[in-house]
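> okay, here's the prediction I keep looking at, along with the sequence it came from:
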Amino acid sequence: MSTLAEQIFSSDEKDILQEVMNIAFGQATAELAEVIDIFVILSVPYIRVIKGSDLPGYLLKEMDGSPVVNLIEQNFIGKFSGQALLIFPSGAEKELIKLFNQENEAEAYGVDIDTLERETLIEVGNILIGACIGKITELLKDFVTYDPPRLLIQDLSKSTPSQFPIDKDSFAISIRTVFRFEQQNVEGYLFLITRQHSVQWLKKALQTFLESFM
C-alpha cells in the first residue's frame with residue numbers, strides 16, 4: 001500500500017522538495033543569526049506527509065511523552081498557502097528567555113514573567129517561521145504574506161481533530177528539525193500545513209526549480 005506522501009508526490013518530487021528545504025534552511029540559518037544576534041543551527045529537516053486529521057496523534061508520538069506543548073500558529077498566504085505550526089515542549093519558554101537575557105528586562109520594567117514568556121515564544125516563532133517559509137517561497141518563485149502569529153497552549157493527549165487548528169481535509173508537510181541556539185539545545189518542530197489548492201502549484205514549482213539546474 002502506498003503512503004500518503006507517495007500518493008501526493010512522486011519520488012522525484014519528494015527528493016526535490018527535500019532539497020528545497022535543505023537549501024532554504026541553510027540560507028535561513030545565516031539570516032537568523034543576523035536578526036537575533038545568536039548563531040542558530042537548523043538540523044537537516046526530515047519531511048513526512050500526514051493527513052490533517054492525523055496530526056494531533058502524530059505530534060503526541062513525536063513529542064516523546066510530553067503532551068503539553070507551546071504551539072505558535074501563523075497563516076501564510078500566496079500561491080503556496082497554508083498554516084505554519086512551530087511547536088516547543090512545555091518549559092522551552094523558560095530556556096528561551098534565559099537565552100535572550102530577558103529575565104533582567106522583566107525585573108527592570110516590571111513585566112510579568114508569564115507575559116514575557118508568551119511574548120518571547122511568539123517573537124521567536126515569528127522569526128523562525130518567517131525565515132524558513134520566506135526562503136522556501138523565494139526558491140520556488142512565490143511571495144507570501146503572513147497573518148499575525150498566535151500562541152496556543154495545547155494538551156496533545158486531549159486534542160481531537162476538531163479542536164486542533166487545522167482543516168480536516170488538508171494535509172501536513174511535516175518538517176521535523178532541531179533548533180540549536182549556541183550553547184543550549186531547544187528542540188522545536190516545524191509543520192507546514194498546505195491546503196489542497198496549493199498542491200498542483202507546488203508540484204509545478206518543484207519541477208521548475210529542478211529545470212533551472214538542467
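Yep, it's here.
> what is whichever strand or helix holds residue 129 packed up against?
Secondary structure assignment for residue 129, by DSSP states H and E: helix 113-139. Taking 3 or more Cβ pairs under 8 Å, 6 or more residues apart in numbering; DSSP states H and E as the contact definition, the neighbouring helices and strands of helix 113-139 are helix 11-36, strand 68-77, strand 82-89, helix 92-99, helix 103-109, strand 150-155, strand 184-194. For glycine as for every other residue, the C-beta is placed from the backbone atoms N, C-alpha and C.
> list the buried residues of that helix.
For helix 113-139, the neighbour count (16 or more other Cβ atoms under 10 Å) marks 116-117, 120-137, 139 as buried.
> for stretch 175-183, same thing?
175-177, 179, 181.
> in TSV, list those residues along with secondary structure, pLDDT and distance to residue 56.
What follows is the buried residues of stretch 175-183, written out as TSV (DSSP: H, G, I helix; E, B strand; the rest coil; pLDDT from 0 to 100; distance: Cβ to Cβ, whole Å):
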residue	secondary structure	pLDDT	distance to residue 56
175	strand	75	17
176	strand	77	16
177	strand	76	20
179	strand	75	22
181	strand	74	27
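> what does stretch 149-162 rub up against?
Contacting residues not belonging to stretch 149-162 are listed as 52-53, 55-56, 59-60, 63, 67-74, 90, 118, 121-122, 125-126, 129, 164-165, 168 [Cβ atoms under 8 Å, 6 or more residues apart in numbering].
> which pLDDT does the model give the residue nearest in space to the middle of the chain?
To find the centre residue of the chain, average its C-alpha atoms and take the closest one (Cα atoms, centre = their mean): that gives residue 190, at 2.6 Å. According to the prediction, residue 190 has pLDDT 83.
> I'd say it and residue 74 touch.
No. Counting by Cβ atoms under 8 Å, residue 190 stays clear of residue 74, with 10.8 Å between them.
> for the residue nearest to the centre of the chain, which non-adjacent residue is spatially closest?
Spatially, and ignoring its direct neighbours in sequence, residue 190 is nearest to residue 175 (4.9 Å; Cβ to Cβ, 6 or more residues apart in numbering).
> do the same with residue 100
The shortest distance from residue 100 to any residue other than its chain neighbours is 6.5 Å, reached at residue 120 (Cβ to Cβ, 6+ apart).
> what residues are up against that neighbour?
Applying Cβ under 8 Å, 6+ apart, the residues near residue 120 are 93, 96-97, 100, 102.
> 10 Å instead?
By Cβ atoms under 10 Å, 6 or more residues apart in numbering, residue 120 lies in contact with 92-97, 99-100, 102.
> cool, and residue 37?
Residue 37 is in contact with residue 100, counting by Cβ under 10 Å, 6+ apart.
> isn't residue 62 right up against residue 87?
Yes. In this structure, residue 62 is within contact of residue 87 by Cβ atoms under 10 Å, at 8.7 Å.
> these two: which is more packed in?
Regarding residue 62 and residue 87, a neighbour count based on other Cβ atoms under 10 Å identifies residue 87 as having more, with 23 against 15.
> mind pulling up the pLDDT for the more buried one?
pLDDT, residue 87: 87.
> what does the one 5 residues further on give?
At residue 92, the predicted lDDT confidence score is 82.
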